[in-house]
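> no letters, just coordinates:
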């Protein structure tokens, strides 16, 4: 059986970022702190740096227009990198060329960082195992398994609004079973010490019992949200509702949609999160999404800041390894 | 009923550019003058600036390879901006995510200018109503309604060849009814004071009577072109010919195609314009398109210059609003 | 009958690069030497320059994710150019707009270099005949005819490993008949003076007799590889095997696949080349592809260096022509 790939270099700094699972909370806090330095008030030009000057970042996403891809592209360019966009899903290219041959080819063109989104579990790690010593691999989302920069930006957003993680109750709602967002949030928030993590979902959308072991599970949203500090809604894939409930979208909304009435059961200052894109009227009403407790736009802004922080950290770590 | 969106800021400078309808002619002349500074002789490297240094311009066009998109991209980059290309037609994304949520997301990533082409009337203005105080929206072409930078580049091209607008007769020929190019040219040229605007088209391609009110209408091209200083041909969509004429492309060309013989009826120094792409042999013959009176390549060059002028003006206006 | 287009300017410097056919070997050697200066050890940031500062390079490839396109894009950006990516195959646009009108349009936006890949023979030269005095055209691959930067990178790779071309035996294996890679390698290696060029292919994949006249032809791979210094494998298009052999892929592999046993018949220090992407198990086994004699990754790295050398040479030549 293969050993899990170490993400850290011998100095204990990040070389790859594939998963938050097992990542040291001190390192997470350092990334959050660094991302905080990349914040800026709206209407100001965003902070920049030259940490990645003369670096080449290759972005391998199957779809050219995802928000995560745009976020990584802006983060890399604001740190001075050249960004090479490739519309390619690695795991679907097996027929034409092996994944590793594609990566070797790009690496030989002197790509320094690969940002990869892939629908097949294991692809990102497979790449990381094969790249050269100075090359880093960052996950932009892997199947239902991992979305580490999303987990970090969610943690940063909570920290900005709540100050400390200890004592917080965080409720995650929706199709947790198929959600890389939920898995990475779980890793981050557990490591950072939230008091209670709750999962709310219909049974078919609950993860297996060996996952999210420390979390409390609720089938009733009203119970799961009671007294929560943070309500994290997930995007619902409409085609999954039919599988999960012997019923329709209206019924899903009735049971698991976040409405003002339901939100009133959480703490008065509770924040509402959503990774986007939203299905208004399904998992969340517009009143809540556009209301004062929604922090979704801050999540997006934090996404760029977190990606800048990760890239800058990786560049610094590489300089630390240079002979 | 909603008020039309003001395009100007409180200093009377452009914040958005969505339509030329109602735009002050002094402001138009200022943009033409500024664009003149971005001209350069062929074979020289193009003028550049740092007016948009550290700005992010997001380009939202459904098709990745339009000439207008390339023109905006080069204009923005030659002024120092980062350009984020997104292959997306906003109005067709309603199913996945609302237009405004897409825009909010990009805005949270610190996009400063949105350049939007959309097939649905009202989308560009809808976006402009929702962006933050420091963000600008520029139309890259909206349905059949508006193409403001095209109108300005057409005006600039006429000014370069004719010096002054007063006293000029301008003839627009083709499917005016469905043409955003014709509408924006009409706004610009009327405001800038051309003496006579003429429309030449088969009845089915004529606009409604309440539009282009000051223009004279001709069904005969020979009459409409007589003594004209400027002949502005429109691209014909071949599939529209069948609807408009009980006949075929050859017959359309016979009635509404610009040939050397027909051009001889205009003033001797008349210029021939076309927004491209051309259907050679349909609305225009190659002899005319490649002849000495054709100014089409100058139009394209002016397109980059006008877009640089608009972007530079908007950046200057924003600095003028800064607290 | 039209004269072949001169690729050189009046100073004998490259203005366009469309084919290696007839190109002076001194000029080739100069490009190889310049590319050598753009090498760098793995793990170092790649060499850069400002030779193309303020230049605009338009890349016209039908598919957005080819390795050649990425290689040109990185080469141009590492020399300071703006790169405009257009997903377009010129020869398939005839319906919408003529090839030349598309080019005139981009040229009017002040594009300095066109890099064009096209499936139709003659398109690249057609464009080169029509661009203005200061504009250059570089082929990124033309039908089955020409791939000049590939030919140069292959020559560079051989030079790096073998020092000199004289005395070398080079064996090209596979679908030579349909291969632009083989044709450009043939031009380069013949001009640079290899001792013997051998072609190995089933009869249906052999070129016409008037082509590759100086080469020796083998139907037996075992004979063609005996004592070779360089073995250049071509990518096999699986759909072509059925046409070429009354048999299947396994049989092709048996007859024309490069295995360790077969490679042992070449010189002990022979190098194995492949332009990528590979079909492992068809034209080459993984043992050979990943073995110590394989130089494929060096070929890719040399690809960026050669494209930088060509672009830098062209920029220098243009400055030399400036009045």
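Yes, it's here. The model shown is predicted, which means the values in this text are computed figures rather than measured ones.

> wait, residue A:231 sits on residue A:270?
Yes. Residue A:231 is within contact range of residue A:270, at 5.9 Å (criterion: Cβ atoms under 8 Å). In short, each C-beta sits where N, CA and C put it, glycine included.

> give me the common contacts of those two.
Counting by Cβ atoms under 8 Å, 6 or more residues apart in numbering or on different chains, the shared contacts of residue A:231 and residue A:270 are residue A:263.

> look at those two and report which has more neighbours.
Neighbours were counted for residue A:231 and for residue A:270 using other Cβ atoms under 10 Å in any protein chain shown; residue A:231 has more, 30 against 21.

> check which helix or strand covers that one.
Element membership of residue A:231, judged by DSSP states H and E, is strand A:230-233.

> and that strand, is it in reach of chain B?
No. Figure legend: strand A:230-233 not in contact with chain B (Cβ under 8 Å from any Cβ of the partner chain); closest approach 13.7 Å.

> mind listing the strands that strand pairs with, and their directions?
Paired strands of strand A:230-233, with direction, are strand A:169-173 (parallel), strand A:271-273 (parallel) (DSSP bridges).

> got a list of contacts for it?
By Cβ under 8 Å, 6+ apart, strand A:230-233 touches A:154, A:158, A:162, A:168-174, A:182, A:185, A:225, A:258, A:263, A:266, A:270-274, A:283-284.

> pLDDT (mean, whole number) over it?
The pLDDT scores in strand A:230-233 average 98.

> dump the residue contacts of the most centrally placed residue in chain A.
Nearest residue to the geometric centre of chain A (Cα atoms, centre = their mean): residue A:150, 1.7 Å. Contacts for residue A:150 were tallied using Cβ under 8 Å, 6+ apart; they are A:68, A:141, A:180, A:181, A:184, A:185, A:275, A:303.

> go again using 7 Å as the cut-off
Neighbour list for residue A:150: A:181, A:184, A:275 [criterion: Cβ atoms under 7 Å, 6 or more residues apart in numbering or on different chains].

> which SSE is immediately downstream of the one helix or strand in chain A whose mean pLDDT sits lowest?
Least confident helix or strand of chain A, by mean pLDDT, DSSP states H and E, is helix A:238-244 with a mean of 68. Counting by DSSP H and E, the next helix or strand C-terminal to helix A:238-244 is helix A:249-256.

> tell me the angle of that following helix relative to strand A:169-173?
Counting by axes from the mean of the first three to the mean of the last three Cα atoms, to 10 degrees, helix A:249-256 lies at 170 degrees to strand A:169-173.

> show me how far helix A:249-256 is from its chain's centre.
Offset of helix A:249-256 from its chain centre (Cα atoms, centre = their mean, to the nearest Å): 26 Å.

> identify the residues contacting the nearest residue to residue A:99 once chain neighbours are set aside.
Distances taken as Cβ to Cβ, 6 or more residues apart in numbering or on different chains put residue A:90 closest to residue A:99, at 4.7 Å, once the chain neighbours are dropped. Contacts for residue A:90 (Cβ under 7 Å, 6+ apart) come out as A:60, A:99, A:102, A:116, A:118, A:123.

> many thanks, have a good one.
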